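1. Attaching a predicted model along with its sequence, questions to come.
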Amino acid sequence: MITRFAPSPTGQLHLGHLYAALFARDLAAKHGGRFLLRYEDIDATRVRDAYYTQIEEDLHWAGVKWHEPVVRQTSRLSSYQAAMEKLKSLGVVYPCFCTRKGIQRELDNLTRAPHGPDGPLYPGICKQLTQHKIDTNILNGSEPSWRLDSEKAQELTGPLSFSDGRLGKQQVIHHLLGDVVLSRKDIGTSYHIAVVVDDAFQNVTDVTRGKDLLESTHIHRILQSLLDLPEPHYYHHDLVCDSHGKRLAKRDNALAIKQLRSDGETLATLQAYIEKNCC
């Protein structure tokens, strides 16, 4: 068994990260396996060098050790590009020149906008662009992102499923998140591409992560099938919430492990809080 913890060095680790790291580490240890650390650092606009060091200091403080080497996604960009080229050759992606404002404007004009678990889905504005229109946009200096064509992907993969340690067998819904972006125009890839390519590269057998990423797993199984990558086993665990029942997140300024350590909190105290406040 090989598990991994893959934080983004875009902020301080909080209790939810600690729970995720301990969960993956303990599962691997239980089965005599290996636990890996990987940095999801492709979004260079938000990554800060100091966070790499802080993450490892926090994990060491919590007694979390990992097998080397530590992988940084920024060293793997050529692998993600190769995956995208294969998807292009399969005809399951298309260029998208839309802005967020343009997408919202189109959604506002629709009487029945497509919806997913988290709200409106991309309405397919660029799905039927002619090659002439695509070439014209590029000549005019407009760089596209690339979206998954969920309909064509379903035609190629057929029915898919994945196994979850908490929920059991799950049938993949190809259109659940619509035509998601697989390659951002600013960084040339996306979380979805990077995570499936790197899990295969590191031979990860068991992907453990928060249940808020359950919907993303539908996309990941589609990509694994299209790219001929192995299918790992999944476990989507609970999340850690604050005293009001709200999920901890970096954007909400959740209490950082660094601050809790400075306040004199012990690992046992933090683990007790986690156990009490899972949701």
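-> Here it is on my side, so go on. Numbers count the residues shown, from 1 in each chain.
2. any idea how far the spatially most central residue of the chain is from residue 129?
-> Centre of the chain computed as the mean C-alpha position; nearest residue by Cα atoms, centre = their mean is residue 191, 4.7 Å away. Counting by Cβ to Cβ, to the nearest Å, the gap from residue 191 to residue 129 is 25 Å. Backbone N, C-alpha and C define where each C-beta goes, glycine included.
3. What of residue 172?
-> When Cβ to Cβ is applied, the distance between residue 172 and residue 129 equals 27 Å.
4. And for residue 265?
-> Between residue 265 and residue 129 the distance, using Cβ to Cβ, works out to 54 Å.
5. Please say which of those two ends up with more neighbours.
-> For residue 265 versus residue 129, the count of surrounding residues by other Cβ atoms under 10 Å is larger for residue 129: 17 against 14.
6. secondary structure class for the more buried one?
-> Secondary structure state of residue 129, per DSSP: H, G, I helix; E, B strand; the rest coil, is coil.
7. which residues does it contact?
-> Counting by Cβ atoms under 8 Å, 6 or more residues apart in numbering, residue 129 makes contact with 94, 95, 97.
8. Could you find the closest non-adjacent residue to the second one?
-> It refers to residue 95. residue 144 (3.5 Å; Cβ to Cβ, 6 or more residues apart in numbering).
9. Pop out the phi and psi values for the one you found.
-> phi -90, psi 160 (degrees, to the nearest 10).
10. In three-state terms, label residue 10 for me.
-> Quick answer, by three-state DSSP: residue 10 is coil.
11. Next, the nearest residue to it once chain neighbours are set aside: secondary structure please.
-> Closest residue to residue 10 in three dimensions, ignoring its sequence neighbours and counting by Cβ to Cβ, 6+ apart: residue 46, at 4.1 Å. Following three-state DSSP, residue 46 is assigned to coil.
12. ok, the helix or strand of the chain with the lowest mean pLDDT: who's next to it in the sheet?
-> Sorted by mean pLDDT, DSSP states H and E, the helices and strands of the chain end with strand 115-116, the least confident at a mean of 78. Next to strand 115-116 in the sheet, as set by DSSP bridges, lie strand 119-120 (antiparallel).
13. can you pull out the helices in this protein?
-> Counting by DSSP state H, residue ranges of the helices within the chain are 15-30, 49-61, 77-90, 100-109, 131-139, 150-157, 191-201, 214-226, 257-262, 267-276.
14. burial measure for residue 96, as a count.
-> Each residue near residue 96 was counted by other Cβ under 10 Å, and the total is 21.
15. and the nearest residue to it once chain neighbours are set aside, what is it in contact with?
-> Nearest non-adjacent residue to residue 96, counting by Cβ to Cβ, 6+ apart: residue 126, 4.3 Å away. With contact set as Cβ under 8 Å, 6+ apart, residue 126 has these partners: 94, 95, 96, 97, 98, 144, 147.
16. Which of those residues ranks first by neighbour count?
-> By neighbour count, taken as other Cβ under 10 Å, the most surrounded of the contacts of residue 126 turns out to be residue 147 (23 neighbours).
17. Verify the stated contact: that residue with residue 98.
-> No - counting by Cβ atoms under 8 Å, residue 98 is not a contact partner of residue 147; they are 9.2 Å apart.
18. Spit out the residues that contact those two alike.
-> 122, 126.
19. now this structure, which segments are flagged as low pLDDT?
-> When residues are selected by pLDDT under 70, those of the chain lie in 111-113, 243-244, 249-254.
20. Go again with 50.
-> Screening the chain residue by residue with the criterion pLDDT under 50, one finds no matching range.
21. Residue ranges of each domain in it, please.
-> The chain resolves into domains spanning 1-75+238-279, 77-197 when parsed by automatic domain parsing.
22. any chance of those domains in JSON lines, plus distance to residue 227?
-> Listed next are those as JSON lines, based on distance: least, Cβ to Cβ, whole Å:
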{"stretch": "domain 1-75+238-279", "distance to residue 227": "16"}
{"stretch": "domain 77-197", "distance to residue 227": "6"}
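23. just so I know, which of those domains lies nearest residue 225?
-> Checking the domains of the chain against residue 225 by Cβ to Cβ gives domain 77-197 as the closest, at 4.3 Å.
24. now the end-to-end length of that closest one.
-> 10 Å (Cα to Cα, to the nearest Å).
25. and what of stretch 210-218?
-> The straight-line separation of the ends of stretch 210-218 (Cα to Cα) is 14 Å.
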